[in-house]
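Undergrad: Provide a 3D model corresponding to the input given below.
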Amino acid sequence: MRIVSESALAQRLGGLVASEPRVVVGGNFSTPFELVGIADAAFERWRAFVLNPQTGWPSRDGLITETPFAGPGVRADMSRVDYLPMRLSLVPRLFHTIRPPDVVLVQTSTPRDGRVSLGVEVNVLPAAIERVRDRGGLVVAQLNSNMPHTFGDAELDLDAIDLAIEVEAPLASPPARAHDAVAEAIGANVAAYATDGGTVQLGIGALPDSSARHLEGRRGLRVWSEMASDGVLGLERAGALDTDEPIVASFLFGSTELYEWVDANPRLRVLRTETVNDPARIAARPRVLSVNTALEVDLAAQANASHVRGAIYSGFGGQPDFVVGALHSRGGHAVIALRSWHDPSGSSCVIDMLHTPVCTFQHSVVVTEHGPAEIFGRSQRAQARLLIDVADPRARDALGECARSRGLS
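TA: Just a heads-up that it's a prediction; the model follows:
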């Protein structure tokens, strides 16, 4: 690894042979924005591959953002985005097939004992780094002393990085989510499916966060989750976790307090997507409780977690991977949690039939504030009745009529 000036890096990037280089960039709350700015100035045209780009992501003619998970940084203008509809566990294959990278930009910790750490974002980055080095491309790091040093696949030898710049900046965090009565009711309903000694996976959002709070009375829990957030920190402090088992995640998403807790924490292993999101590995865990959210669920138990008003809002993420893995885990439950009613639009979140691409289906339980619909193994008629029962009371009559018209009652 050689530390260079920003001007020297810009010159090196500008000298790349590729006319439209593909650059894999660390995403979520680990985006190296200083490096992104240098690259955007250096390239007339380029393709940036990033997961969940955050506010501040550039948008201009000549820049195509490739992503399997759209974030707030691109939702306002998807015209310059190539959305890739695919489950997260398969994304690393793209780098070895039709989307090989020329450059990888990452944000890392400062060196410790001859290594740096990817810190809060491992995800698909190890696969991208390995592929770009095989191809003779560049790996560039933004060294930041505020990035926690995490272990597992997060650690990189210094010779895995070609060039680096030093940037001192605080890590961003997601906005705080308010606790409300509906979320707390859903969290309590979800937590009823956890067992002492089981494994939990918690997705992004207020409902998984609420579920975590209601799990704090359990004991011997294990964590095998695509994401670890402040909910996992709460479980650790409550004594709910098995201290003999490592906490396994692929990226971290939370507060400054969470980032301080994970720094050099031997309890945590941040591993690559191919490991954490592998449905077979998930299925091998004991009694997996997979908790994910949806925007809508229809009477066929199909979940939409990616589209709003017909337009892409996020993506599949790891939801399909963990739903399949949890269903195959002995004693496992694949839970979809959602509010029964969307107040801003005045509409039901349990609907007759989805008119958007489906993220997941055949869950074991769908949970709203009105209770659980245990749909695994039920007939299509029984499934529809159970889902109507957990819908908002304002929507039940109309849903019942839809069910009757389709022979589901």
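Undergrad: burial count for residue 121?
TA: Counted with other C-beta atoms under 10 Å, residues neighbouring residue 121 total 28. (Glycine included, C-beta is placed from N, CA and C.)
Undergrad: contacting residues around the residue nearest to it when sequence neighbours are not counted?
TA: Among residues not flanking residue 121 along the chain, residue 30 sits closest, at 3.4 Å (C-beta to C-beta, 6 or more residues apart in numbering). Contact analysis of residue 30 by C-beta atoms under 8 Å, 6 or more residues apart in numbering lists 106, 107, 118, 119, 120, 121, 147, 171, 251.
Undergrad: what do you get if the cut-off is 6 Å, keeping everything else the same?
TA: If you count contacts by C-beta atoms under 6 Å, 6 or more residues apart in numbering, residue 30 has them with 107, 120, 121.
Undergrad: ok, the residues you listed vs residue 194, which is closest?
TA: Using C-beta to C-beta, residue 120 comes nearest to residue 194 of the contacts of residue 30, at 25.6 Å.
Undergrad: can you pull the contacts of that closest one?
TA: Neighbour list for residue 120: 30, 252 [criterion: C-beta under 6 Å, 6+ apart].
Undergrad: distance of it from residue 171?
TA: 7 Å (C-beta to C-beta, to the nearest Å).
Undergrad: Please apply the same query to residue 116.
TA: 15 Å.
Undergrad: residue ranges for the strands of the stretch 201-350 of the chain, please.
TA: Ranges of strands in the stretch 201-350 of the chain, per DSSP state E, counting those that start in this stretch, are 222-223, 227-228, 247-249, 251-252, 268-270, 288-293, 296-298, 303-304, 307-308, 311-312, 333-337, 341-342, 347-348, 350-351.
Undergrad: Residue 116: what secondary structure?
TA: With DSSP: H, G, I helix; E, B strand; the rest coil as the basis, residue 116 sits in strand.
Undergrad: Please name every helix or strand in contact with the helix ranked longest in the chain.
TA: Ordering each helix of the chain by length in residues (DSSP state H) puts helix 393-405 first. When contacts are defined as 3 or more C-beta pairs under 6 Å, 6 or more residues apart in numbering; DSSP states H and E, helix 393-405 packs onto helix 380-389.
Undergrad: Return the list of helices and strands in contact with the helix it packs on.
TA: helix 393-405.
Undergrad: Show me what the helix it packs on is in contact with.
TA: Outside helix 393-405, the residues touching it (C-beta under 6 Å, 6+ apart) are 299, 348, 352, 384, 388, 391, 409.
Undergrad: Recalculate using a threshold of 10 Å.
TA: For helix 393-405, the external contacting residues (C-beta atoms under 10 Å, 6 or more residues apart in numbering) are 298-299, 340-341, 346-353, 370, 380-381, 384-385, 387-392, 408-409.
Undergrad: Residue 151: how many residues sit nearby?
TA: Neighbourhood size, residue 151 [other C-beta under 10 Å]: 18.
Undergrad: Show the contacting residues for the spatially most central residue of the chain.
TA: In the chain, the centroid-proximal residue (C-alpha atoms, centre = their mean) is residue 317; its distance is 5.5 Å. For residue 317, the contact set (C-beta under 10 Å, 6+ apart) comprises 51-52, 68-69, 87-88, 203-204, 226-227, 277, 292, 305-306, 359.
Undergrad: 8 Å - rerun?
TA: So residue 317 contacts 68, 69, 87, 88, 203, 204, 226, 305 (C-beta under 8 Å, 6+ apart).
Undergrad: ok, now residue 43?
TA: Residue 43 makes contacts with 13, 14, 21, 62, 63, as judged by C-beta under 8 Å, 6+ apart.
Undergrad: neighbour-wise, which of those residues leads?
TA: residue 13 (24 neighbours).
Undergrad: Quick check: closest non-adjacent residue to that residue.
TA: That would be residue 42: by C-beta to C-beta, 6+ apart, it lies 4.0 Å from residue 13.
Undergrad: Assess the claim that the one you found and residue 10 are in contact.
TA: Yes. The criterion here is C-beta atoms under 8 Å, and residue 42 meets it with residue 10 at 4.8 Å.
Undergrad: coming back round to it: what does the residue nearest to residue 121 show for phi and psi?
TA: For residue 30, the backbone dihedrals (degrees, to the nearest 10) come out as phi -120, psi 10.
Undergrad: pLDDT at it, what is it?
TA: Looking at residue 30, its pLDDT is 97.
Undergrad: now residue 152
TA: 98.
Undergrad: do residue 204 as well
TA: 83.
Undergrad: Same question for residue 352.
TA: If you check residue 352, the pLDDT there is 97.
Undergrad: Tally up the residues packed near it, please.
TA: 19.
Undergrad: pretty sure it is in contact with residue 296, am I right?
TA: No. Judged on C-beta under 8 Å, residue 352 makes no contact with residue 296 at a distance of 10.4 Å.
Undergrad: hey, what's residue 50 bridged with?
TA: Taking DSSP bridges, one finds residue 25 as the beta-bridge partners of residue 50.
Undergrad: That one touches residue 56, doesn't it?
TA: No. Contact criterion C-beta under 8 Å: residue 50 and residue 56 do not qualify, at 12.0 Å.
Undergrad: Can you check which residues contact both of those two?
TA: residue 31.
Undergrad: Looking at these two, which has the bigger crowd around it?
TA: The neighbour comparison of residue 50 against residue 56 (other C-beta under 10 Å) goes to residue 50, with 26 against 12.
Undergrad: ok, now how distant is residue 166 from residue 25?
TA: Distance from residue 166 to residue 25, by C-beta to C-beta: 18 Å.
Undergrad: can you pull the pLDDT of residue 131?
TA: At residue 131, the pLDDT value in this model is 98.
Undergrad: so what's it up against?
TA: 95, 96, 100, 101.
Undergrad: For it, pull up the helix or strand it's in.
TA: helix 125-134 (DSSP states H and E).
Undergrad: could you point out which element follows that helix?
TA: Once the chain leaves helix 125-134, the next helix or strand it forms, by DSSP H and E, is strand 138-143.
Undergrad: List the strands paired with that next one, with their directions.
TA: strand 103-108 (parallel), strand 163-166 (parallel).
Undergrad: Now do the last one, average pLDDT.
TA: Per-residue pLDDT values across strand 163-166 average out to 98.
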